[in-house]
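Asks: Have a look at this fold, sequence not included:
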Ligand SMILES: [Zn+2]
């Protein structure tokens with residue numbers, strides 16, 4: 001009888017412990033569910049840097065697209081550099097630069113002093129319009145594309161890290177393979193070769209090779225050239241105008257002096 005009572009006691013104890021464990025487990029599960037729900041609720045918190053995506057796009061536009069356009073090659077959607085794989089592309093296309101200190105939201109027409117404020121507005125008000133379908137972040141290819149070189153805020157590393165250089169070189173080569181498969185005709189083959197020289201060769205610690213060695217968009221240099229020619233023409237004209245104006249004022253004061261002297265003489269007589 002004693003043994004039976006003891007075993008009943010033990011069984012009761014085990015039951016109690018298991019119940020307690022289940023309650024704790026259940027509490028833990030509900031905690032996890034809550035955090036999951038919270039994360040889902042905070043879906044506009046995007047883990048993709050807008051700034052670095054912008055830098056990557058700038059590099060693609062400046063140092064890649066002119067050559068792709070020249071070859072009349074169509075980048076496929078499978079390529080990570082395709083506009084559809086940029087989360088922020090639609091928002092970026094809805095930026096209207098009205099004036100030097102005036103930016104407008106293309107969705108709701110609200111105006112801002114700087115691009116940064118407009119970016120913040122996009123983050124707060126139009127996060128639902130982000131292209132989440134492909135869940136691709138253009139900033140992820142920044143290492144391969146040398147984004148740090150076009151970003152002003154980033155402090156440049158002076159010491160080269162061989163492991164990071166090797167990683168970026170590998171990523172760079174995979175971009176070349178994915179975007180310009182050599183078996184897809186001569187254009188793709190040319191661009192594959194170009195991509196390696198333009199972006200991938202510089203991912204080394206031995207130095208010597210510089211990124212973007214194959215050049216950049218020419219229209220911009222033409223724009224700068226025309227601006228400088230215009231300045232060179234307008235500057236002498238401006239000085240001539242100033243000179244004439246000064247002469248005109250001096251002539252005027254001389255005239256005035258003469259008149260005032262004449263008036264004084266008349267008054268004296
Ligand atoms: Zn808006």
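Replies: Received it, and whenever you're ready, just let me know what you need. As the structure is a computational prediction, the values presented were derived from the model and not from experiment. Residues are numbered from 1 along each chain as shown.

Asks: switch to C-alpha atoms for all contacts and neighbour counts from now on
Replies: Will do.

Asks: what are the ranges of the helices in the stretch 101-250 of the chain?
Replies: In the stretch 101-250 of the chain, the segments counted as helices under DSSP state H, counting those that start in this stretch are 115-125, 142-145, 162-179, 185-195, 218-268.

Asks: weakest of the ones you listed by average pLDDT?
Replies: Taking the average pLDDT of each of the helices of the stretch 101-250 of the chain, the minimum falls on helix 218-268, with a mean of 68.

Asks: Residue numbers of the stretch 1-150 of the chain in contact with the ion?
Replies: Residues of the stretch 1-150 of the chain lying close to the ion (CA under 5 Å from the ion) are 105, 107, 108.

Asks: any idea of the pLDDT on the last one?
Replies: Just to be clear, that refers to residue 108. What the model reports for residue 108 is a pLDDT of 97.

Asks: Just give the number of residues close to it.
Replies: A total of 10 residues lie near residue 108 under the criterion other CA atoms under 10 Å.

Asks: Verify the stated contact: residue 105 with residue 98.
Replies: No. Counting by CA atoms under 8 Å, residue 105 stays clear of residue 98, with 10.2 Å between them.

Asks: Of those two, which one has the most company?
Replies: In this view residue 105 and residue 98 are compared by other CA under 10 Å, and residue 105 has more residues nearby, 22 against 11.

Asks: Tell me the bridge partners for that one.
Replies: Judged by DSSP bridges, the bridge partners of residue 105 are residue 95.

Asks: got a list of what it touches?
Replies: Taking CA atoms under 8 Å, 6 or more residues apart in numbering as the definition of contact, the neighbours of residue 105 are 94, 95, 96, 111, 118.

Asks: ok and the residue in the stretch 51-200 of the chain nearest the ion?
Replies: The minimum distance from the stretch 51-200 of the chain to the ion, using CA to the ion, falls at residue 108 (4.1 Å).

Asks: Would you map out the domains in this protein?
Replies: Domain assignment for the chain by automatic domain parsing gives 50-88+131-216, 223-249.

Asks: okay if I get those as CSV plus mean neighbour count?
Replies: Below are these laid out as CSV (neighbours: other CA atoms under 10 Å):
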stretch, mean neighbour count
domain 50-88+131-216, 17
domain 223-249, 12
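
Asks: before we move on, back to that, which members of the contacts of residue 105 define the maximum pairwise distance?
Replies: Greatest spatial distance in the contacts of residue 105: 94 and 111, 12.2 Å, computed using CA to CA.

Asks: Between the two, which is the more surrounded one?
Replies: For residue 94 against residue 111, the residue with the higher neighbour count under other CA under 10 Å is residue 111, and the figures read 18 against 15.

Asks: how about stretch 90-97: buried residues?
Replies: Residues 91, 92, 95, 96 are the ones in stretch 90-97 that count as buried (16 or more other CA atoms under 10 Å).
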